[in-house]
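Novice: Got a sequence here, can you build the structure:
(chains A and B)
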Amino acid sequence: MNHNQQSGDAKNDDDSALSDFLASLMDYTPAIPDELVEHYLAKSGFQCPDVRLIRLVAVATQKFVAEVASDALQHCKARQAAVIKDKREKQQKDKHLILTMDDLSKSLLEYGVNVQHQDYFADDPSTGRDPASREE
Amino acid sequence: MNDGGLHNRKEQEKSQKQSKPSKFRSKSDDFALAIAKVAIAQVCESVGFQGSQHSALETLSDIIVRYIYSVGKTANFNANLAGRAEANVFDVIQGLEELGSGLGFAGGSDFDRCVANSVIARDIIHFIGDADDIPFAYDVPRFPLVKEWKEMESLWGKGEQPPGEHIPSWLPAFPDPDTYAARLSVGNETNSISSGEKTELARVERKMERSLLNLQQRFARNGNEGGSSNYGGYAGRARVASESNPYLAAPLHFGEKEVEVSPVVLPAKLSNEVALRNPVPENCDMGNRVSVLETFAPAIEGMTSGLCDLDNGQKKVVYNQSVHFKIGIGKKSFGTAPYFNSQNEDLEKIASWFRNDNEKDDKKRKAEKILKESIESSQKPTQL
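Specialist: Residues are numbered from 1 along each chain as shown, chains lettered A, B, ... in the order given. Model prediction:
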């Protein structure tokens, strides 16, 4: 009985947390506009008159983008650090952090999305092979 | 090398998939994709990037669009699975969990986890708390635009009775009976060759007369009303536009055939005398129309009684009488048609008459060209 009561209380807490969360969603304006999200949700068949759900999807998407972008940033910074290590004379050669296809593909690979580009030319017998096998 | 072979085949398949146009890359989706690009660029900037490659931005925006689409699809599926048509927050959170399951999230393996207590929701709450508010750079209208259905176009909208029980009332209304009444009468007659030819001739003549009548009426009116005619519905709109811009001239009304003019037979001698009847200012074509009408009146009369050659359904009208062109030396520049000699004022008037003519045709334009070129070529020796 107690357990049930406790779980009931927990459920109520969860529900209230969720409703608070939905309420807080309306305060936050996501970077991805509502109209865009609505368009693609409508395309997929998602029907909901509630604006909060649209916001929820928008915020979740923004979070995804932020994660991917920050991973790519890590890769970019790591590469710049490696470059600086090799050539000490050129101090902070490139402060510009640019999102390149290379970094993006590496970070997206961790999320299960494969956007690796084929190499244009093969200058090495190991070109085109998996990166894991390439390190051999 | 077996592994290498497999790898190549997979990449080939992937590249084939990419080359097929996906629903997110179609032309109709350009606007949404562009907005997505802007939004994602803003997010990347907030993360710390100062720039990005075009291809990287496009790829990322494409992926994000697919992400939204798959969240919606999954949420809709979950809602349908629960027997609902509209999705609710639990469906969405479950969809997000499903998308995030590849990477894994805390508590994903729990069998008794509650959707309301989801880690995903908590992560999002944390994200909202930490991240700054990034308003979107542009004001986005609702899209795709839903065009209002013009109710007045249908028979039902116009309040007309459909002429026949087999015609539903939601179809658009019929055009003016004048435009197709002649054809109907032709269709009722017998199909013998001689009568067919006669009726064809009669029909064509009638059409010519009608179009000539329109021409005459148009010229007879004042310049303020110029451009308008009996063309059913187009008159008001075309009036102002056709006077100001030749490209906005109203199209031919349905059923009206253009008057096809063969190259005009020039008289043996072209008078180079300046014979300006009316000093006409640049924009006003009032006096011009009257003078042109007078000029062409004999020609028009000739046309109605003139020869009518039928050539595979087309008609050629040969002017019986010669047409006199007044060639003057003016100083006005002709903006719209660069090939016109700017020094010929009357030519301009005539050209403007052609320009404002609603029955303009390719052949007519060619005829003008030939005419102008011949006049210019004849003028050149005098100019030298």
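Novice: pLDDT of the helix or strand harbouring B:S374, averaged?
Specialist: If you go by DSSP states H and E, B:S374 is part of helix B:362-383. Averaged over helix B:362-383, pLDDT sits at 72.
Novice: ok but B:Q217 is inside a strand, no?
Specialist: No. Secondary structure assignment (DSSP: H, G, I helix; E, B strand; the rest coil) places B:Q217 in helix, not in a strand.
Novice: For the helix holding B:S374, enumerate the helices and strands it packs against.
Specialist: On a contact count with 3 or more Cβ pairs under 8 Å, 6 or more residues apart in numbering or on different chains; DSSP states H and E, helix B:362-383 meets helix B:345-356. C-betas here are computed from N, CA, C, even on glycine.
Novice: Report the contact partners of the closest residue to B:N78 other than its chain neighbours.
Specialist: Closest residue to B:N78 apart from its sequence neighbours, by Cβ to Cβ, 6 or more residues apart in numbering or on different chains: B:D91 at 4.1 Å. Contact analysis of B:D91 by Cβ atoms under 8 Å, 6 or more residues apart in numbering or on different chains lists B:75-76, B:78-79, B:82.
Novice: What are the buried residues along whichever strand or helix holds B:K207?
Specialist: Using DSSP H and E, the element containing B:K207 is helix B:193-220. Buried residues in helix B:193-220, counted by 16 or more other Cβ atoms under 10 Å in any protein chain shown: B:199, B:204, B:207-208, B:210-212, B:214-215, B:218-219.
Novice: Kindly report the same for stretch A:103-122.
Specialist: A:103-108, A:111, A:113, A:115-116.
Novice: Ends of that stretch, what's the gap?
Specialist: Stretch A:103-122 has an end-to-end distance of 20 Å (Cα to Cα, to the nearest Å).
Novice: Check stretch B:132-142 too.
Specialist: 25 Å.
Novice: when you scan it, is anything in it near chain A?
Specialist: Yes. Residues of stretch B:132-142 contacting chain A under Cβ under 8 Å from any Cβ of the partner chain: B:133-136, B:140-142.
Novice: Endpoint to endpoint, stretch A:82-100 covers what distance?
Specialist: Terminal-residue distance, stretch A:82-100 (Cα to Cα): 16 Å.
Novice: still on that earlier bit, using PDB, list the CA coordinates for the helix holding B:S374.
Specialist: The C-alpha trace of helix B:362-383 is given here as PDB (Å, rounded to 0.1, in the frame of the first residue of the first chain):
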ATOM      1  CA  ASP B 362       4.100  37.000 -83.700                       C
ATOM      2  CA  LYS B 363       3.400  37.400 -87.400                       C
ATOM      3  CA  LYS B 364       2.200  40.900 -86.900                       C
ATOM      4  CA  ARG B 365       5.400  41.800 -85.100                       C
ATOM      5  CA  LYS B 366       7.400  40.300 -87.800                       C
ATOM      6  CA  ALA B 367       5.400  42.300 -90.300                       C
ATOM      7  CA  GLU B 368       6.200  45.400 -88.400                       C
ATOM      8  CA  LYS B 369       9.900  44.600 -88.300                       C
ATOM      9  CA  ILE B 370      10.000  44.100 -92.000                       C
ATOM     10  CA  LEU B 371       8.100  47.300 -92.500                       C
ATOM     11  CA  LYS B 372      10.400  49.300 -90.300                       C
ATOM     12  CA  GLU B 373      13.500  47.900 -91.700                       C
ATOM     13  CA  SER B 374      12.300  48.600 -95.200                       C
ATOM     14  CA  ILE B 375      11.400  52.200 -94.200                       C
ATOM     15  CA  GLU B 376      14.700  52.700 -92.500                       C
ATOM     16  CA  SER B 377      16.600  51.300 -95.400                       C
ATOM     17  CA  SER B 378      14.800  53.600 -97.700                       C
ATOM     18  CA  GLN B 379      15.500  56.500 -95.400                       C
ATOM     19  CA  LYS B 380      19.200  55.900 -95.100                       C
ATOM     20  CA  PRO B 381      20.100  57.300 -98.400                       C
ATOM     21  CA  THR B 382      18.300  60.600 -97.500                       C
ATOM     22  CA  GLN B 383      20.000  60.800 -94.200                       C
END
